[in-house]
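> all I have is the shape, not the residue letters:
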C-alpha cells in the first residue's frame, strides 16, 4: 500500500561565511568608495544597481578587468527604453575569445571533458587551448572565414566545440550549434536560416552504450546547406582510417583541416576588435509553436524569452514545476504533464495528465490523494480541474518536456514541427479527449 509523500519544511543546507571577503564584497566596497555611499549588504547594492544601472555597469566594467582596445564613450542611453534596444558600451572595442583565453598561467586547467564510453576525464590547459584555438582560427582564415560569417557545429558539447567556437569568436565569425541527437529536418530548420560557410561534425556518437553513425544524417544536412564551403569531420568514436567521407561534398578530416593553417612557425592568435553588440552566438527557440526562431547573443547581451510552464487559472499565476514537484513524489506516478485549457470566453482551467509507473494503476483514490497533497502544499486554487491518465508525455530531442504543443492539440490546433520531438507519436494521445469536450 502506497504512502502519501511527506512534505517537509525547507531547510538551509549551506550559507556563505559572512566573514569571507568575496568578490561581491570587494565590488560592493569599490562602488561604495567611488560614489561615497553606504552599501552595507548585497540588498543595498542590488537596489542601487536598479536605480543607477548605467553607473553600476560602468563600475563593473572597471572591476572585472576586461581586456579591450577602446573604451566606451557611453555605457547606455538611459533615455531609451527596452523596446528601443539601446546600445550598450557604445564605442568600445573588444573580443570575447580574447577575454576567455587570457589566463596568465598556461598550466592551469581550462577544460575538463567526459565522453560516454570512455572512463578517462580529459584535461586541457589554457596553454593547450590557446594553441588549438590558434590552429582552428588560422585554418578558418585560410579558407576565407571572416567577420560576420556563420560557423556551425553539429556535434556534442565537448572540447572540439569549445575550440571551434573560440576560434570563430576570435575572427568575429558567429557560432551556432545543434546536438547530434537532432534529425536532418531539425538541423535544417535551424541552420538553413543562417546560411553557414563552415560546419564541424562528428562521425558518430555513443548513447546509452550504443554507437550511432552520424555520417548519413550529415550527408543530408550538407545537401540542404548550399552556402557551405567546407565540412570538417571529427573522428569521435572511430579512427580516421575506418571512416569514409567520400560521399560528403567538400569534406575534410579535422587533422587535415587544421594542417592548412600551419606554416613554418606555429600560428599566433589574432583577435578582431569588435563592438560590444557584435553578434557572438545564434541560438534557437524550441520550435514547438512553429519554425525555430533565431536568438542572437552578443558579447554581453542575452535576450531570452519563456513560453512554457506558466498557468493562470482564476487569476492565480504559478509554474507547472510547482505541481510536478508534488505529483512526481508519488511512487505510483512515473511522469506528469500540466497544461491549461481555455474556453471560448478565454477562461482557463488546469489539466494534469499522469503517466503511471510500472505495476501501478490509475484510480480515483490516487486522484483524491494528489489533489489533497497539492491543496496542502500550495493552495486550493492550485488544484487542477481535471486529472487524467496518459500513456505517454512528449519530449523534445534535447530532453525538454513539451507543454505548449499539448496545449495546442487540446485546443484543436495542429503541431507542425514534429521533427523536434523524440517521441512524436505521443502527441496523438491528446487529440479529442472525451473529458475535455464542451469546455
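That came through, no problem. Computed from a predicted structure; not experimentally measured.

> which parts of the stretch 101-250 of the chain are strands?
All strands of the stretch 101-250 of the chain, identified by DSSP state E, counting those that start in this stretch, fall at 109-115, 118-125, 150-154, 174-178, 198-202, 204-207, 210-213, 230-234.

> next, format those strands as a markdown table and append distance to residue 49.
To be clear about C-beta, it is placed using only N, CA and C from the backbone, and glycine gets the same treatment. Output for the strands of the stretch 101-250 of the chain, formatted as a markdown table (distance: least, CB to CB, whole Å):
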| stretch | distance to residue 49 |
| --- | --- |
| strand 109-115 | 30 |
| strand 118-125 | 35 |
| strand 150-154 | 35 |
| strand 174-178 | 30 |
| strand 198-202 | 39 |
| strand 204-207 | 43 |
| strand 210-213 | 47 |
| strand 230-234 | 43 |
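
> ok, now which ones touch residue 206?
Residues near residue 206 by CB atoms under 8 Å, 6 or more residues apart in numbering: 115-117, 212, 237.

> ok, so of those residues, who is nearest residue 188?
residue 212 (18.9 Å; CB to CB).

> and the pLDDT for the closest residue to the closest one other than its chain neighbours?
In this structure, residue 212 finds its nearest non-sequential neighbour in residue 205, 5.4 Å apart by CB to CB, 6 or more residues apart in numbering. Model confidence at residue 205, given as pLDDT, is 90.

> residue 205 contacts residue 218, correct?
No - when contacts are counted by CB atoms under 8 Å, residue 205 is not listed as touching residue 218 (11.6 Å).

> quick one, which of those two is more surrounded?
More neighbours surround residue 218 than the other of residue 205 and residue 218, with 24 against 20 (other CB atoms under 10 Å).

> for residue 273, the count of nearby residues, please.
14.

> and the residue nearest to it when sequence neighbours are not counted, how far from residue 227?
Nearest residue to residue 273 in three dimensions, chain neighbours excluded: residue 93, at 4.0 Å (CB to CB, 6+ apart). Counting by CB to CB, to the nearest Å, the gap from residue 93 to residue 227 is 28 Å.

> look at the two and report which has more neighbours.
residue 93 (16 against 13).

> partners of the more buried one in the sheet?
For residue 93, the beta-bridge partners under DSSP bridges are residue 70.

> pLDDT weak spots in the stretch 301-439 of the chain?
301-304, 306-309, 315-317, 398 (pLDDT under 70).

> where do the strands sit along it?
Ranges of strands in the stretch 301-439 of the chain, per DSSP E, counting those that start in this stretch, are 310-311, 318-319, 333-342, 348-356, 386-389.

> longest helix in this protein, by number of residues?
Looking across the chain with DSSP state H, the single longest helix is helix 126-142.

> which strands and helices lie in contact with that one?
strand 109-115, helix 159-171, helix 254-259 (3 or more CB pairs under 8 Å, 6 or more residues apart in numbering; DSSP states H and E).

> now the longest one, how far from the chain's geometric center?
Spelled out, it's helix 159-171. Centroid separation between helix 159-171 and its chain, computed with CA atoms, centre = their mean, to the nearest Å, is 17 Å.

> quick one: that helix to strand 150-154, angle?
170 degrees (axes from the mean of the first three to the mean of the last three CA atoms, to 10 degrees).

> which residues are contacting helix 159-171?
95-98, 100-101, 111, 113, 122, 124, 129, 132-134, 136-137, 140-141, 145-147, 149, 151, 153, 155, 174-175, 177, 200, 202, 234, 236, 254, 269-272, 280-281.

> please redo it, this time with the cut-off set to 6 Å
Under the contact criterion CB atoms under 6 Å, 6 or more residues apart in numbering, helix 159-171 has outside partners 96-97, 111, 113, 124, 132-133, 136-137, 140, 145, 151, 153, 155, 175, 200, 234, 271-272.

> what of stretch 387-407?
Under CB under 6 Å, 6+ apart, the answer for stretch 387-407 is 179, 181-182, 286, 288-289, 307-308, 335, 337, 339, 352-355, 362, 367, 415, 420-422, 426-427, 429-430.

> distance to residue 396 for the strands of the stretch 301-439 of the chain - can I get that in TSV?
Below are the strands of the stretch 301-439 of the chain laid out as TSV (distance: least, CB to CB, whole Å):
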stretch	distance to residue 396
strand 310-311	18
strand 318-319	18
strand 333-342	13
strand 348-356	17
strand 386-389	22
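
> can you put those strands in TSV and add distance to residue 71 and mean neighbour count?
Formatted as TSV, the strands of the stretch 301-439 of the chain follow (distance: least, CB to CB, whole Å; neighbours: other CB atoms under 10 Å):
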stretch	distance to residue 71	mean neighbour count
strand 310-311	41	16
strand 318-319	42	16
strand 333-342	49	19
strand 348-356	51	20
strand 386-389	59	17
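
> need the residue closest to the centroid of this structure.
Nearest to the geometric centre of the chain sits residue 283, at 7.6 Å (CA atoms, centre = their mean).

> apart from its neighbours in sequence, what residue is nearest that residue?
Using CB to CB, 6+ apart, the closest residue to residue 283 is residue 295 (4.8 Å).

> who are the packing partners of whichever strand or helix holds the one you found?
Assigning secondary structure by DSSP states H and E places residue 295 in strand 294-298. Other helices and strands packing on strand 294-298, by 3 or more CB pairs under 6 Å, 6 or more residues apart in numbering; DSSP states H and E, are strand 279-284.

> distance of residue 39 relative to residue 71?
In this view, residue 39 and residue 71 are 25 Å apart by CB to CB.

> cool, and residue 123?
Per CB to CB, residue 123 is found 36 Å from residue 71.

> repeat that for residue 300.
Residue 300 is 15 Å from residue 71, by CB to CB.

> so those two - more neighbours on which side?
More crowded of residue 300 and residue 71, by other CB under 10 Å: residue 300, with 16 against 11.

> excluding chain neighbours, give the residue nearest to that one in space.
Residue 300 sits nearest to residue 276 (CB to CB, 6+ apart), 5.7 Å away.

> hang on, the one you found in a helix?
No - Residue 276 sits outside any helix when classified using DSSP: H, G, I helix; E, B strand; the rest coil, being coil.

> and the angle from the longest helix of the chain to helix 159-171?
60 degrees.

> so which bits of helix 126-142 are buried?
Within helix 126-142, the residues that count as buried by 16 or more other CB atoms under 10 Å are 126, 128-141.

> identify, from these, the entry nearest to residue 195.
Distances from residue 195 to those, taken as CB to CB, are shortest for residue 140 (16.3 Å).

> separation between that closest one and residue 261?
From residue 140 to residue 261 the distance is 8 Å (CB to CB).

> next one: stretch 67-79 to chain centre, how far?
That offset, for stretch 67-79, works out to 28 Å (CA atoms, centre = their mean).
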